[in-house]
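S.K.: compute the structure for the input listed below.
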Amino acid sequence: MKIRTIAAVAAFALSALSAQAAEISTARGPVAIAKAPAKVAVFDIAALDTLDRIGVKPAGVPEKLFLSQLEPLKQGAEVVGDIFEPDLEALSSLGPDLIIVGGRSSTRLDAAAKVAQTIDMTMDGDDLVAQAKQRLATYGALFGKQAEAAKAASELDDQIKAAKTAISGKGRGLIVMTNGPKVTAYGPGSRFGWVHAALDLPPAVPDVKAANHGEAVSFEFIAKANPDWLLVLDRAAAIGSGEQGARATLNNELIAQTTAWKKGQVVYLPAAEFYIAAGGVQSMQRVMATVAEAFAAAK
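M.R.: I've put the predicted structure just below:
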């Protein structure tokens, strides 16, 4: 989605808001918002990440924000539950105009909606970048931050372009997630398939099962695939579980046989940004920067 398109979407939504009600796009279809929300409670970390980028301070936040960069949002805000479960009593006490759920909290939309209007802004899949830009435009319009949203979209486009340029001609990649000693793989069309789609990264294994938690694979599977690049998500690091880390899990004789390992082309992605805040504008920028830097340094 180009920056002019984003600006047009934002302008239309704002004009609708100033008239009667804006109809915005959500994960569950169009939703009418009667007026610009003055007090918002947000349970989705990706939404918090994007709102923080455009200068919107939520009145209600989850207890754990996972990203250290978001910790300042707690100052002056009320804790109204966690990313899985809203605290309905705390929400009622806060009295928000709008509640934003997404991802892990999306299943609690109906419960939250008993307190105030609630929208589901879940994002996932191959077109995550387009969804992220759409959410960015929507938030810019809702909160009168169109200029900030347009600037953030332009910066994201620049980083995507830089990552694509760095990746071009550098070989095939395989995305893996470690969860303690366990390993799962992701390919095109999967939860993290957007990396292949948005950055034109050729997959080392094109037919990985597109399950939400990836396809459980062995070290033999990875050795046979022999990717030029391993893009690694350390789930334990993302959620702070304290389990065995990705570097220890992958440090074995089979993985050592791969081109990726031999050439030092194992990229450890920013864990919480990639796993929990997927689609948040700032998180996507950090992921893009990590990928671009690694590929650009390759011989």
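
S.K.: pull the CA atoms of stretch 155-163 into PDB?
M.R.: Below are the C-alpha coordinates for stretch 155-163, written out as PDB (Å, rounded to 0.1, in the frame of the first residue of the first chain):
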ATOM      1  CA  GLU A 155      10.000   4.900   6.800                       C
ATOM      2  CA  LEU A 156       8.700   1.300   6.800                       C
ATOM      3  CA  ASP A 157       8.700   1.300   3.000                       C
ATOM      4  CA  ASP A 158      12.300   2.400   3.000                       C
ATOM      5  CA  GLN A 159      13.300  -0.400   5.300                       C
ATOM      6  CA  ILE A 160      11.500  -3.000   3.300                       C
ATOM      7  CA  LYS A 161      13.200  -1.800   0.200                       C
ATOM      8  CA  ALA A 162      16.600  -1.900   1.900                       C
ATOM      9  CA  ALA A 163      16.000  -5.500   3.200                       C
END
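
S.K.: buried residues in that stretch?
M.R.: By 16 or more other Cβ atoms under 10 Å, the buried positions in stretch 155-163 come out as 156-157, 159-160, 162-163. Every residue, glycine included, has its C-beta placed from N, CA and C.

S.K.: any low-confidence regions in the stretch 51-200 of the chain?
M.R.: In the prediction, the stretch 51-200 of the chain carries no residues with pLDDT under 70.

S.K.: columns distance to residue 279 and secondary structure on top of the buried residues of stretch 155-163, output as JSON lines?
M.R.: Shown next, in JSON lines, are the buried residues of stretch 155-163 (distance: Cβ to Cβ, whole Å; DSSP: H, G, I helix; E, B strand; the rest coil):
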{"residue": "156", "distance to residue 279": "11", "secondary structure": "helix"}
{"residue": "157", "distance to residue 279": "15", "secondary structure": "helix"}
{"residue": "159", "distance to residue 279": "15", "secondary structure": "helix"}
{"residue": "160", "distance to residue 279": "14", "secondary structure": "helix"}
{"residue": "162", "distance to residue 279": "19", "secondary structure": "helix"}
{"residue": "163", "distance to residue 279": "16", "secondary structure": "helix"}
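
S.K.: dump those residues to CSV, plus distance to residue 119.
M.R.: Shown next, in CSV, are the buried residues of stretch 155-163 (distance: Cβ to Cβ, whole Å):
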residue, distance to residue 119
156, 22
157, 25
159, 27
160, 26
162, 32
163, 30
